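Novice: Output the structure for:
(2 chains)
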Amino acid sequence: MESRKIFIAFSTMVRNEVSRFLRIWMQTLIPPVITTVLYYVIFGSFIGSQIAPIHGFSYMQFIVPGLVMMAVITSSFSNVVGSFYFSKFQRSIEELLVSPMPFWVLIAGYITGGVVRGLLVGTITLLVSLFFTHLVVSNIFFVLSFILLTAILFSLAGLLNGLYAKNFDGISIFPTFVLTPLTYLGGIFYSIAALPPFWQSMSKLNPILYMINGFRYGFLGFSDVSVAVSFWILVVCISVLFGINWHLFRKGYGLRS
Amino acid sequence: MEALSIQNLKKTYATGVQALQGVSLSVLEGDFFALLGPNGAGKTTIIGIVTGLVNKTAGTVRIFGDDLDVAPERTRVHIGVVPQEFNFNIFEKVENIVVSQAGYYGIPRAQAMRDAEVLLKQLGLWEKRDAQSRMLSGGMKRRLMIARALIHRPRLLILDEPTAGVDIELRRGMWEFLAKINNEGVTIILTTHYLEEAEQLCKNVAIINKGEIIEHGSMRELLSTLENESFLFYLKDPISDVVLGALQHCDIHQVDPTTLEVTLKDGARLNDFIVQLARADVTIQSMRNKSNRLEEIFLSLISGDTRE
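Specialist: Prediction:
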């Protein structure tokens, strides 16, 4: 397929993916924002006002990057897994599979849909946080790169989940039993420096810790872990997940009998 | 040129079911080809493999000369497929389903919208272009899948039971439409359980049973192998026993005093039988084939009967 046609196919996919979640914005954009606002109110304002500053920042300022990142992770993941599994369930995925579109374009189309939704939700939650606190940006490169890479990574994870899912339970098991616990234990509400050494070490096995800390570093200028290491962990995870997805698409896993 | 060439195609599903056991068949460019067989014979598996929705176990598939294993993306450019089951997003609007499909083939949106308008008008769906696809009737959904399959102007159109559940008026409309695009040069492969449909439309035919091709050739040749053909004659007046006994070269069953079921034997011609009736001053009001000819052959092949 020529590059011009590939671009048309890709943009068609993105248009459909984005218009899908915009059409149902009450289900896709508003709930994560409401959840995050509740966290701002309860943890940031009510409880946070009684917590001592962390590295010179208020507790509200400390948790905002983590909460934004949580909204991005959840939205990117659920957008792709939901859209992909539903198209598998009603077999409209066949429209894509019978077309001459290379598999990498198909993957890129789904991922871009997830990234756009993740970034949109992230931006809204970030803007809403301005009603509760003032934000400083220490390094815009880290802010943008970490939010983008995290959205890509969890869109890829959502696609992988969608490929493996055999029923609707299959798309809720991973977010419920793996993603949510890892996100909450990824240092949104606390610095791992406050944990005993054993739990600090355990926390460092959680990849989400690196994403939240990298993103937080972009705003506040401090991190519990090396930002460079965090960056490369994200890049490696993205490469690995893209490779696995591409391989499964080529094999037709969960798509072709 | 061969639009589709399949050599020794085999498929064994993960469940162990051997769906295809070495199928070979060839469809020439411009053909209107019937792929017939009972349920579970392997028709949909063949279509799935050709369109890239099913992985084959062994064998070779070529589409307009391109090997499916070597250039899968190039083969897909040539194919449009209308599957047996509805497989579009039920919440998507009719026009967008067709326009998006064009996009997946790299057709610019402006052109896709123009082409979609033409196709949707031809298929009587233009008024429904802004309706969600789930709101369409069964016949409209089938036509929507035909429009979607044709939007990228494929050279080979594969239809897997396109008229299933469609009323006779719509079915005939579809036949006309398919005959028209076939005349315009599109090669068509059709699977159907309506054998009358295949007999009327198709030039060549393959019959598959239990994963094997048991007949492959031209429709005319296949129909000519039918030895005995039965007709129903509706007479103006009751026929006398004397006249009935004098009729030759046929088996006659008198259904009622004015209806005869006649099976011609030994290569007897229908014309000769009619002449015999005319000489006996018997007036024929109307006549028709007792059953579909292809249906008789199909049933005899599937049941394993041998025809001499």
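
Novice: can we go C-alpha only for contacts and neighbour counts from here?
Specialist: Will do.

Novice: By mean pLDDT, flag the weakest helix or strand of chain B.
Specialist: Of all helical and strand segments in chain B, the minimum by mean pLDDT, DSSP states H and E falls on helix B:293-302, at a mean of 74.

Novice: Just the buried residues of it, please?
Specialist: Within helix B:293-302, the residues that count as buried by 16 or more other C-alpha atoms under 10 Å in any protein chain shown are B:Arg293, B:Leu294, B:Glu295, B:Ile297, B:Phe298, B:Leu301.

Novice: for the second one, what are its contacts?
Specialist: By that I understand B:Leu294. Going by C-alpha atoms under 8 Å, 6 or more residues apart in numbering or on different chains, B:Leu294 touches B:Leu195, B:Glu196, B:Glu199, B:Leu223.

Novice: how about 6 Å then?
Specialist: Contact analysis of B:Leu294 by C-alpha atoms under 6 Å, 6 or more residues apart in numbering or on different chains lists nothing.

Novice: what about B:Leu201, how many residues close to it?
Specialist: B:Leu201: 20 surrounding residues under other C-alpha atoms under 10 Å in any protein chain shown.

Novice: For it, give its distance to chain A.
Specialist: B:Leu201 sits 26 Å away from chain A, going by C-alpha to the nearest C-alpha, to the nearest Å.

Novice: now do B:Gln18
Specialist: Look at B:Gln18 and chain A: by C-alpha to the nearest C-alpha, they are 13 Å apart.

Novice: ok, and the closest non-adjacent residue to that residue?
Specialist: Excluding the flanking residues, the one nearest B:Gln18 by C-alpha to C-alpha, 6 or more residues apart in numbering or on different chains is B:Thr12, at 4.3 Å.

Novice: you'd agree the one you found is up against B:Leu20?
Specialist: No: applying C-alpha atoms under 6 Å, one finds B:Thr12 not in contact with B:Leu20, separated by 7.0 Å.

Novice: Look at the two and report which has more neighbours.
Specialist: B:Leu20 (26 against 16).

Novice: what's the helix or strand for the more buried one?
Specialist: Using DSSP states H and E, B:Leu20 maps to strand B:18-28.

Novice: Now that strand - C-alpha only, CSV.
Specialist: The C-alpha coordinates for strand B:18-28 follow below in CSV (Å, rounded to 0.1, in the frame of the first residue of the first chain):
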residue,chain,number,x,y,z
GLN,B,18,-11.0,-30.9,9.0
ALA,B,19,-13.0,-28.3,7.1
LEU,B,20,-11.1,-28.5,3.8
GLN,B,21,-9.3,-31.6,2.6
GLY,B,22,-7.3,-30.5,-0.4
VAL,B,23,-9.6,-28.2,-2.3
SER,B,24,-8.5,-27.1,-5.8
LEU,B,25,-10.6,-24.8,-7.9
SER,B,26,-10.2,-22.0,-10.5
VAL,B,27,-12.4,-19.0,-11.3
LEU,B,28,-11.8,-17.1,-14.5
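
Novice: chain center to that strand: distance?
Specialist: Strand B:18-28 has its C-alpha centroid displaced from the chain centroid by 17 Å (C-alpha atoms, centre = their mean, to the nearest Å).

Novice: do the same with stretch A:6-14
Specialist: Averaging C-alpha positions (C-alpha atoms, centre = their mean) puts stretch A:6-14 22 Å from its chain's average.

Novice: again, but for stretch B:133-148
Specialist: 19 Å.

Novice: Please identify which helix or strand holds B:Leu9.
Specialist: For B:Leu9, the host element (DSSP H and E) is strand B:2-12.

Novice: quick check: angle from that strand to strand B:18-28?
Specialist: Strand B:2-12 runs at 170 degrees relative to strand B:18-28, counting by axes from the mean of the first three to the mean of the last three C-alpha atoms, to 10 degrees.

Novice: same for strand B:2-12, what does it pack against?
Specialist: Using 3 or more C-alpha pairs under 6 Å, 6 or more residues apart in numbering or on different chains; DSSP states H and E, the elements in contact with strand B:2-12 are strand B:18-28, strand B:58-63.

Novice: how far away is B:Asn96 from B:Ala116?
Specialist: Distance, B:Asn96 to B:Ala116, using C-alpha to C-alpha, to the nearest Å: 9 Å.

Novice: Please enumerate the shared neighbours of these two.
Specialist: Applying C-alpha under 6 Å, 6+ apart, one finds that no residue jointly contacts B:Asn96 and B:Ala116.

Novice: out of those two, which sits in the busier spot?
Specialist: Set side by side, B:Asn96 and B:Ala116 show more neighbours around B:Ala116, with 27 against 20, by other C-alpha under 10 Å.

Novice: right, is the helix or strand hosting the more buried one up against chain A?
Specialist: In this assignment (DSSP H and E), B:Ala116 forms part of helix B:109-122. No: judged by C-alpha under 6 Å from any C-alpha of the partner chain, helix B:109-122 and chain A are separated, with a smallest distance of 8.2 Å.

Novice: Where does chain A get nearest to chain B, which residue?
Specialist: A:Lys5 (3.9 Å; C-alpha to the nearest C-alpha).

Novice: For that residue, list the residues it contacts.
Specialist: Here A:Lys5 is in contact with B:Gly106 (C-alpha under 6 Å, 6+ apart).

Novice: Contacts made by the strand holding B:Leu20 with the rest, please.
Specialist: B:1-12, B:42, B:211-212.

Novice: So in that sheet, which strands flank that strand, and in what orientation?
Specialist: Partners of strand B:18-28 in the sheet, by DSSP bridges, are strand B:2-12 (antiparallel).

Novice: Residue numbers of the stretch 1-150 of chain B in contact with chain A?
Specialist: B:Thr51, B:Leu53, B:Val54, B:Glu73, B:Arg76, B:Val77, B:Asn87, B:Phe88, B:Asn89, B:Gly103, B:Tyr104, B:Gly106.

Novice: Enumerate every residue touching the fifth one.
Specialist: Contact partners of B:Arg76, counting by C-alpha under 6 Å, 6+ apart, are A:Ser99, A:Pro100.

Novice: Against B:Thr45, how distant is the residue of the stretch 201-308 of chain B found nearest chain A?
Specialist: Nearest to chain A, among the residues of the stretch 201-308 of chain B, is B:Gly211, at 16.4 Å (C-alpha to the nearest C-alpha). Distance, B:Gly211 to B:Thr45, using C-alpha to C-alpha: 9 Å.

Novice: in chain B, which segments are predicted with low confidence?
Specialist: Counting by pLDDT under 70, the ranges of chain B that qualify are B:226-228, B:266-267, B:291-293, B:304-308.

Novice: mind listing the strands for chain B?
Specialist: Here chain B has its strands, by DSSP state E, at B:2-12, B:18-28, B:32-36, B:58-63, B:66-67, B:79-82, B:156-160, B:187-191, B:204-209, B:212-218, B:229-235, B:250-256, B:259-264, B:284-289.

Novice: With respect to A:Phe43, which of those strands lies nearest?
Specialist: Of all these, it is strand B:79-82 that lies closest to A:Phe43, at 55.0 Å by C-alpha to C-alpha.

Novice: partner strands of the closest one, parallel or antiparallel?
Specialist: strand B:156-160 (parallel).

Novice: Just want the angle from the strand it pairs with to strand B:32-36.
Specialist: 30 degrees.

Novice: got the domain boundaries for chain B?
Specialist: Per the record, chain B has its domains at B:2-224, B:229-302, by automatic domain parsing.

Novice: Could you look over the ones you listed and pick the most buried one?
Specialist: domain B:2-224 (a mean of 19; mean count of other C-alpha atoms under 10 Å in any protein chain shown).

Novice: Would you mind measuring the gap between the ends of it?
Specialist: Terminal-residue distance, domain B:2-224 (C-alpha to C-alpha): 25 Å.

Novice: so how far is that domain from its chain's centroid?
Specialist: Domain B:2-224 sits 10 Å away from the centroid of its parent chain (C-alpha atoms, centre = their mean).
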